[in-house]
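>>> the amino acid sequence is not available; the structure is as follows:
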């Protein structure tokens, strides 16, 4: 007698059909039950049980899964239970049982082995996000229940991303040796947005006002960068709490959310959320008082300092802040475990809420022990020296908070680091515990980029901020751009000899090319090569005040291009290889040379900011002075004074941060380099202050402040011969910034928070206003020149121009000497190569502009982006106030360099 209990349909179907049949509920058993009933009218004794069809399993293993045994009577119920037991193992794709006069044969087809798991169609969620959710893995036995469970987990993963229309279809690909590939075909679908938020029952506040208090936002064009437009069940519960918090701050103590329902639209693309609220009556504060059981706390004094007064509208936030403030005040006096309980007395008739803040008696607490856990690389002393409390000190909550900030500022550990407080061995003992999670502190970076300031940029650096786990910093970096090259190596020991003394040093070489603007083209003028070193030391005066001293020795070599700015650069005459003021300008000729600068300086820094990297609150003030040429050392002598100050505020709890920055400086010369009437300033060109792009947005590089503009004119044809001068149009302007002794600069900026999606991308937009000026420099002697192209080769200067300085510009070109401003151009004589006078054909005149203290003001918007290829900053700024000669610039950006 043969009982076919499961149909076999896998031999001639496609892979998808095979999977569908294996995943479908097994109906064969239900269909074959009548056959079992009809096959045997009376019980037979089981003589033997044979197992066929196994590949990986032993026959005894299969028999161990069932309850049929030789010698037992054969019954329909026993056969049914055997089938159930075998399918329950999820090891078999097909099972059949045959009974031939007591000889029972169990024929099985084992489930295949998984060869690999493939994900297809997933674009929004990458494999590394989905694969941890999949419990099936290669070399496991395939089972339908596990596939269904994995499908459900993948769908749930997409729902958490707001994609409720996502669908996953599993498919099998049959391979030889009873192996299969499992393919999860994923249709991600659109992100389910919140189409509408309805609020029912609100009478005192509009729907728009209440929606503004919620984290969830309606999908609109104005919320394109917000991640709150996607539906999230957890966010729905949080929004209910936000609504309650808002009403409680407005005096509605009885407010409650009756219901919150989220309905998915039929197309599964959007949600409609409906809140039903009950506002209740509005309350005012009744009698408020503090009842302190602590000896050092006087109830009357504390009551007078409460922020809420009787008759004010009730505000739950003020109650919370008062509890927190009383607890912190108690902690400041050493009562770490002060228990502050507000006792409410509600009067529904007068609609008042009386509150008594009970401060329970508690002993003063002392620090019993400080534990530091989790630091495997960082030495214990590096963390311990940042603690503002020592073992045995009276507990102080403010010092604990400051300790947390200082440890975070090290940058060695996780951002959410906290100093935990726990009960010590007695009620007056406390244990401070810091559980740290170390981050990598070594940095190796190679970057290339482009900026509107330096064009192409290449940077390479290596830095270890926690060298040998001692908190030391070792660094080296090189950079190369179109206008600068530098190499530097440095070392910092923040606690020299384990004392609160910082010691640092740097050795460097910097090559910088300055430039001017010829119309809109940038041209290199002088090159400055600086080789030197600097050593610094610093000591804290108190928790927030820091003194730093420094000494530096620099050797500068400033040169000009001989072919462009020198008279007869390859000649041997009396004026050969001489800087020509009519080509370079007198101020550039004065700057060239080699000089040694010995500088001794100090800074006094007061800093209360919560972070030196990205502050959100606090302020800092620093005063600096550098003295060059003291005791006759070096060839440069001046005093450079600078002051900097900034302050940060959290405007709201939603993440707006407002900051104000002020700075200024003045260089006072300690040497007399010449007469100011002769246009010679006692502060050298390279030691002055400059302002422009990078400092004050909306202006070009060195676009603010004193400058000399040279205006060229070319009449075109003289004596029938074209008189074109290379690089000169009919009227062109050469613009050279010469800097100033004094400057000031102010910035006000508001950082605008974005949704979590934009925040994860590293986007930080802001609006700003900048104002500043650089001024005060000796008025340079201006020049006027008329000249012409000579038809013959150059002759000795003494013959060609006995009263002036000869030069060559794009061919032999001779001219008179330096003429001060105001001399009529037609009075200047040009000479032929033989010394005879000729008609002037080329004219330039100079003018001095921009030496004004009046503020330049710009306003604009900017965005910082921590892009995959490096930091990116873009600014769009418009100059509102400027002075004649200032160069403005609407758009600036930097990629691949810090800013």
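Sure, I can see it. Note that the structure is a prediction, hence the values are computed from the model and not measured.

>>> compute the first-to-last residue distance for stretch 392-401.
18 Å (Cα to Cα, to the nearest Å).

>>> for the longest strand out of those in the chain, packing partners?
In the chain, assigned by DSSP state E, the strand with the most residues is strand 521-540. Secondary-structure packing of strand 521-540 (3 or more Cβ pairs under 8 Å, 6 or more residues apart in numbering; DSSP states H and E): strand 502-518, strand 545-560, helix 586-591. Using the backbone N, CA and C atoms, a C-beta is placed for each residue, glycine as well.

>>> check these for me and report the most buried one.
Compared across these, helix 586-591 shows the largest average neighbour count, a mean of 21 (mean count of other Cβ atoms under 10 Å).

>>> list the contacts of the following helix or strand past that one.
Next helix or strand after helix 586-591 toward the C-terminus (DSSP states H and E): strand 593-607. For strand 593-607, the external contacting residues (Cβ atoms under 8 Å, 6 or more residues apart in numbering) are 532, 544-558, 618-630, 633-636, 640.

>>> if we can go back for a sec, for the helices and strands packed on strand 521-540, give me a markdown table that also has distance to residue 210.
Compiled in a markdown table, the helices and strands packed on strand 521-540 are given as follows (distance: least, Cβ to Cβ, whole Å):
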| stretch | distance to residue 210 |
| --- | --- |
| strand 502-518 | 53 |
| strand 545-560 | 47 |
| helix 586-591 | 65 |
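
>>> make a markdown table from those and add distance to residue 65 and mean pLDDT to it.
Supplementary listing: the helices and strands packed on strand 521-540 in a markdown table, determined by distance: least, Cβ to Cβ, whole Å; pLDDT from 0 to 100:
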| stretch | distance to residue 65 | mean pLDDT |
| --- | --- | --- |
| strand 502-518 | 73 | 81 |
| strand 545-560 | 76 | 92 |
| helix 586-591 | 95 | 78 |
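
>>> so which of those comes closest to residue 136?
Closest to residue 136 of the helices and strands packed on strand 521-540 is strand 502-518 (Cβ to Cβ; 56.4 Å).

>>> tell me the strands beside the closest one, with direction?
Using DSSP bridges, the strands paired with strand 502-518 are strand 484-493 (antiparallel), strand 521-540 (antiparallel), strand 731-737 (antiparallel).

>>> so it versus strand 545-560, what angle?
40 degrees (axes from the mean of the first three to the mean of the last three Cα atoms, to 10 degrees).

>>> so what touches stretch 852-865?
Applying Cβ under 8 Å, 6+ apart, the contact partners of stretch 852-865 are 691, 696-699, 704, 742, 761-773, 775-776, 871-883, 886, 899.

>>> just the buried residues of it, please?
852, 855, 856, 857, 858, 859, 860, 862, 863, 864, 865 (16 or more other Cβ atoms under 10 Å).

>>> dihedrals phi and psi, the third one?
The phi and psi values for residue 856, taken as degrees, to the nearest 10, are phi -100, psi 130.

>>> gap between it and residue 277?
For residue 856, the distance to residue 277 (Cβ to Cβ, to the nearest Å) stands at 53 Å.

>>> kindly report the same for the last one.
Noted for residue 865: a distance of 40 Å to residue 277, by Cβ to Cβ.

>>> so residue 301, which state does it fall into?
Here residue 301 is recorded as helix under DSSP: H, G, I helix; E, B strand; the rest coil.

>>> check what pLDDT it gets.
With respect to pLDDT, residue 301 scores 86.

>>> OK, contacts around residue 149?
Contact analysis of residue 149 by Cβ under 8 Å, 6+ apart lists residue 135.

>>> now do the SS call for it.
Residue 149 is classified as helix under three-state DSSP.

>>> quick one: average pLDDT of stretch 609-623?
For stretch 609-623, mean pLDDT rounds to 86.

>>> over to stretch 471-490?
Stretch 471-490 comes out at a mean pLDDT of 87.

>>> would you mind measuring the gap between the ends of that stretch?
Chord length of stretch 471-490, first to last residue, is 14 Å (Cα to Cα).

>>> quick one: the helices in the stretch 601-750 of the chain, in order.
Taking DSSP state H, counting those that start in this stretch, the stretch 601-750 of the chain contains no helices at all.

>>> any weak-confidence spans in it?
Within the stretch 601-750 of the chain, the segments meeting pLDDT under 70 span 613, 653, 675-678, 712-732.

>>> isn't residue 558 up against residue 589?
No. Applying Cβ atoms under 8 Å as the test, residue 558 and residue 589 come out as separate, 10.8 Å apart.

>>> what sits opposite residue 370 in the beta ladder?
In this entry, residue 370 is beta-bridged to residue 432, by DSSP bridges.
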